[in-house]
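**Q** structural data only, the sequence is not supplied:
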C-alpha cells in the first residue's frame, strides 16, 4: 500500500477504528518506517489532548435561556404592534425590527 | 416539540434549557471565546424558533439544532473576519510523550489551534472528536455525506497534529 494511504489509516489506527486487515497493514508499514512510527506517536498525543478537551466542562451562561425567551417575546410584541399600527408606524416598526435583527 | 411548533413559548423555553449546553459548547469551540459564543447560541435558538415549522423530523432535533448552530457560528466568524492568519500565529507544541498530564494550557492551545483550521474541518473535528457525534450525525449536522464528514475530520486532525505535536 502507498505510504500516503497508510497515513490516512494511521488516524483510525490510533483510535482503534480499523479492521483486523487494516491493522495488519498499518503494523507492517510501521515496522518498516521510523517516520510513520513518529507520526503515529504524534497522532496519539493529539487524541489524548482531544479527549481531555472533550471532557472539559463548558457551561452555558446562566442568562442564555432568559435572553432567548426575551428576544422571542419582544419580536412577537413588535410584530403585533407593527400590524396594529400599520401605515407609517408599521414601516418604522418593520425597520426597527430589521435594525435590531429581531426578525 | 409539538407545543413549541405551535408557538408555545414556554415549551420552547424548555427545549432551550435541554439543549443550551451542547449548543453553547459547539459555539464556544468554533468561535473560541465565550462572549461570541453566547451571541451565536442565542441567534441559533432564535432561528430554530422561527424555523420549527420546517423541521421535518428526518434527523433528530439535536442534529437539526446543531446544523443551525454550526451555520450561525461559522457565519458569525466569517462576518467578523477573525480568522487568525497562520503566518501570524506561532503555535506552541504540546509537551512530549513524557508529560502525560494534559494541563489547562494544553487544552487552551488546542482551542487556539482549532481556530486555524478551515471552517468545515473545524466543525467536523468539534462535532466528532469533542461532541462525540458519529460521522453519520456529523454529516447530517453539516448537510454533507458521511464520507465527506470523515474526510473533513481527517484533514482537520492532520492539521492539528502538524500545529500541535
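**A** Yep, that arrived. The model shown is predicted, which means the values in this text are computed figures rather than measured ones. Numbering: from 1, shown residues only, chains lettered A, B, ... in the order given.
**Q** and the pLDDT for the most centrally placed residue in chain B?
**A** The centroid of chain B falls nearest to residue B:26 when counting by C-alpha atoms, centre = their mean (3.5 Å). On pLDDT, residue B:26 comes in at 96.
**Q** ok, residue A:81 next?
**A** In this model, residue A:81 carries a pLDDT of 72.
**Q** that one: helix or strand, and which one exactly?
**A** helix A:64-85 (DSSP states H and E).
**Q** what about that helix, near chain B?
**A** Yes. Judged by C-beta under 8 Å from any C-beta of the partner chain, helix A:64-85 comes into contact with chain B through A:64-65, A:67-69, A:71-73, A:75-76. Every residue, glycine included, has its C-beta placed from N, CA and C.
**Q** can you tell me what sits against stretch B:35-54?
**A** Residues from elsewhere that reach stretch B:35-54 (C-beta atoms under 8 Å, 6 or more residues apart in numbering or on different chains): A:60-61, A:64, A:67-68, A:71-72, A:75, B:4-5, B:12, B:15-16, B:20, B:23-24, B:27-28, B:30-31, B:64-65, B:68-69, B:72-73, B:76-77, B:80.
**Q** buried only: go through the residues you listed for me.
**A** Taking 16 or more other C-beta atoms under 10 Å in any protein chain shown as the criterion, what is buried in the contacts of stretch B:35-54 is A:60-61, A:64, A:67-68, A:71-72, A:75, B:4, B:12, B:15-16, B:20, B:23-24, B:27-28, B:30-31, B:64-65, B:68-69, B:72-73, B:76-77.
**Q** does stretch B:123-131 reach chain A?
**A** Yes. Contact between stretch B:123-131 and chain A, assessed by C-beta under 8 Å from any C-beta, occurs at B:125, B:129-131.
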